[in-house]
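**Student:** What shape does this take:
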Amino acid sequence: MTEVLRNNPVRVVVVSSCPEAYAALPALREASRASFVDILHNAAPEGSLGASIANDRLLDLHFAVGESQADALRRGGVAAKKIVLARNGVDCDGRFRLSDSVEPSDRLRLGWVGRLSEEKDPALFVRTVAELSEAEGLLIGDGPERFRVERLIRELGVTDRVRITGFTVRVAERLAPLDALLLTSRVEGSPLTVLEAMSLRKPVVAADVGGVREAVEDGVTGFLVGERTPRAFAQTAERLRDPAVRRRLGDAARQAVVERFSLEAMLEAYRGGFRFLGTL
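**Tutor:** Residues are numbered from 1 along each chain as shown. Purely as a prediction, here's the structure:
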């Protein structure tokens, strides 16, 4: 990489959650006069926050994808002028535009999107759906926990109510017929899946972790769940059986994305950061 920088007119190098890149920063800075920026996606201790703060002297700018990440950088001693808030955004007028009206159903249709991995806790989603009568669950994604999740579905006797799609790029189409999204993660940053569902006017029932509450305002765009149990999630999801509640929360969710989490707003924040680099 140092040879690439020496022999090419590179102006900006972006480091993002890559331990190898953080370790190579001293050599990379020595090899190039480029600007070096970081994108911090997660403020959890087990994420890249520590590395981002430790390498602050080697970085010209930090992009934070949410308020929680920006706050964590400031608390870690990074100067405010070196932090640019570039909230995650979605294409709310394109890929995640509003779909046609959803056909009514007697069952509450709940979705889950992500990597089937331990930190995302898909098992909690399955157990939540099992707690609910007259409810269906759709897990959109794939990952190392798939075998265990499939076994759990069989053990709980909900094979007729819970399905796994596997990996798909057609997330918007899969979400469109559902009533709501559940986010059961143990650790999160500022999850795009939440914003994607909200853009489609889906209320979100989410674990109160990471920067989730920046988008999911309890009782306004969805519900936050403080207790990590199937019963707590199920009791909260029960509130969405009322079509009027779903409609109210869904409308507010869509409005929040349009006003604060659009793709254009995100891109403009990055443009502003890169323009700032040009003044250094």
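**Student:** what's the neighbour count on Thr193?
**Tutor:** Residues lying near Thr193 (other CB atoms under 10 Å) number 23. In short, each C-beta sits where N, CA and C put it, glycine included.
**Student:** Now the residue nearest to Gly143 when sequence neighbours are not counted: phi and psi?
**Tutor:** Distances taken as CB to CB, 6 or more residues apart in numbering put Leu116 closest to Gly143, at 3.4 Å, once the chain neighbours are dropped. The phi/psi pair for Leu116 (degrees, to the nearest 10) reads phi -70, psi 80.
**Student:** Over to Asp218?
**Tutor:** phi -60, psi 120.
**Student:** Which parts of the protein are helices?
**Tutor:** Using DSSP state H, the helices found in the chain span residues 2-7, 19-31, 49-54, 67-75, 122-131, 146-155, 171-175, 192-199, 230-238, 243-260, 263-277.
**Student:** Could you list the residues in contact with the longest one?
**Tutor:** What it means is helix 243-260. Contacts to helix 243-260, defined as CB atoms under 8 Å, 6 or more residues apart in numbering, come from residues 87, 90, 92, 98, 104, 179-180, 195, 197-204, 215, 217, 220-222, 239-240.
**Student:** Using ChimeraX, define a selection of the buried residues within these.
**Tutor:** Buried subset of those, written as a ChimeraX selection, criterion 16 or more other CB atoms under 10 Å:
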select :87,90,92,179,180,195,197,198,199,200,201,202,203,204,215,217,221,222,240
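**Student:** Where does the prediction get shaky in the chain?
**Tutor:** 1-7, 100-104, 280 (pLDDT under 70).
**Student:** hmm, try it at 90
**Tutor:** 1-12, 15-21, 24, 27-34, 42-48, 98-106, 189, 276-280 (pLDDT under 90).
**Student:** contacting residues around the residue nearest in space to the middle of it?
**Tutor:** In the chain, the C-alpha nearest the mean C-alpha coordinate belongs to Pro191, at 0.8 Å (CA atoms, centre = their mean). Neighbouring residues of Pro191 by CB under 8 Å, 6+ apart: Asn88, Gly114, Leu183, Ser185, Gly210, Val212.
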